[in-house]
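Engineer: let me see the structure of the following:
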Amino acid sequence: MVHRRALPEPLQHTPFTRAEARRHGVSRKRLEARDIVRLGHGLLASSSVDTGWPAGFDEPGHGMGRLSLAALARQFPDAVYSHGTAALVFRLPLPDIVASDTTIHLTWCSGTGAAQRKGITAHRSPVPEEDRVQFRRLPLTSPARTWVDMASHLDLTDLIILGDAIVNRPWDQDRRVDGLATLAGLSDALLRAGSVKGVRNARAALARCRVGADSPPETLTRLALVDAGLPEPAVQLKGDPSDRFAPAADLGYREQKIAIQYDGKHHRTASQQASDANRDAWFQERGWLVIRLTSLDLGQGFSRLIHVVRRRFEAHGNSATA
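Structural biologist: Residues are numbered from 1 along each chain as shown. From the prediction side, this is the model:
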């Protein structure tokens with residue numbers, strides 16, 4: 001049996017660099033032992049260290065977990081994670097081609113030299129203190145600044161989806177809590193960034209971002225209705241604003257009594273289906289038209305929804321154009 005000298009306590013539970021190992025008196029030979037894993041980017045770790053992401057996180061294209069990113073950040077104290085790398089840490093929705101990016105994005109905020117290293121996409125740009133955060137113990141551009149940075153990498157629709165996800169008020173234990181930023185926060189970050197690449201795209205997206213979209217398909221539903229020439233639906237439309245127990249529709253039109261619900265994957269459970277049935281019954285008993293959408297509607301460009309909503313507007317004697 002091979003008896004190896006234990007690594008120093010500070011190195012046992014996190015990735016580290018060779019320089020850090022030397023500072024703790026670890027020999028080169030010890031670092032070549034089989035229980036030491038090479039993670040890339042000059043990082044090593046004990047094979048007993050879990051370097052992945054917690055449950056629920058999609059594996060990023062660059063393959064580096066939070067502990068590895070934290071160790072890498074120690075090498076570059078003047079930089080922050082940015083662009084798609086920051087967005088994935090915040091668990092924000094990105095197109096597959098961006099989410100699968102195999103490089104790590106770092107932005108150097110000062111005049112210091114940016115690291116030109118394989119696997120790292122280096123950016124140099126002023127990042128005011130208001131646009132930097134520590135999240136999951138990582139130095140990151142704020143969600144709002146990340147949105148600004150992604151304006152030159154995403155098309156208009158994907159940037160609206162990203163903005164909606166940032167300003168959304170998500171559910172937490174049956175109540176809504178504040179999102180990662182506000183619409184005003186996105187605007188302020190854009191102003192602080194100045195004439196960055198993609199600024200026109202960002203301005204156009206900001207005008208169409210809304211609070212309350214619980215998923216990218218809900219954002220796409222809203223955009224499809226507007227792009228079809230219909231009035232913009234309200235988001236998280238409460239059936240009766242005066243009744244705190246009244247359900248809300250994902251999207252809807254109060255005057256025409258149209259409640260639109262998008263059924264994502266979480267709607268497949270028995271408890272959620274029962275809740276959905278009670279919600280739909282509440283609207284239907286009061287004369288509302290309930291339209292439930294699925295991924296099939298998404299794949300068909302919401303053509304059925306657009307047709308039904310337009311007919312409902314006409315039946316109510318309303319113009320079916322915005």
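Engineer: quick check: which element contains V133?
Structural biologist: V133 belongs to strand 132-135 when elements are defined using DSSP states H and E.
Engineer: which neighbouring elements make contact with the longest helix along the chain?
Structural biologist: Ranked by number of residues, the top helix in the chain under DSSP state H is helix 270-285. Using 3 or more C-beta pairs under 8 Å, 6 or more residues apart in numbering; DSSP states H and E as the contact criterion, the neighbours of helix 270-285 among helices and strands are strand 258-262, strand 289-293. The way it works is simple: take the backbone N, C-alpha and C, and place the C-beta from them, glycine included.
Engineer: contact partners for T294?
Structural biologist: T294 sits next to Y262, D263 when contact means C-beta atoms under 8 Å, 6 or more residues apart in numbering.
Engineer: about what we covered before: and the following helix or strand past the strand holding V133, how far from the chain's centre?
Structural biologist: Past strand 132-135, further along toward the C-terminus, the next helix or strand under DSSP H and E is strand 138-141. Its chain's average C-alpha position is 15 Å from that of strand 138-141, according to C-alpha atoms, centre = their mean, to the nearest Å.
Engineer: send me strand 138-141 as CSV with only the CA atoms.
Structural biologist: Presented in CSV, the C-alpha positions along strand 138-141 are these (Å, rounded to 0.1, in the frame of the first residue of the first chain):
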residue,chain,number,x,y,z
LEU,A,138,-16.9,34.4,-7.1
PRO,A,139,-16.0,37.8,-8.4
LEU,A,140,-18.5,38.6,-11.1
THR,A,141,-19.9,41.3,-13.2
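Engineer: ok, and the residue nearest in space to the middle of the chain, which helix or strand is that part of?
Structural biologist: In the chain, the centroid-proximal residue (C-alpha atoms, centre = their mean) is L92; its distance is 0.8 Å. In the assignment (DSSP H and E), L92 maps to no helix and no strand.
Engineer: neighbours around the closest residue to it other than its chain neighbours, how many?
Structural biologist: The shortest distance from L92 to any residue that is not its chain neighbour, by C-beta to C-beta, 6 or more residues apart in numbering, is 5.2 Å, and that residue is A165. The local packing of A165 (other C-beta atoms under 10 Å) involves 25 other residues.
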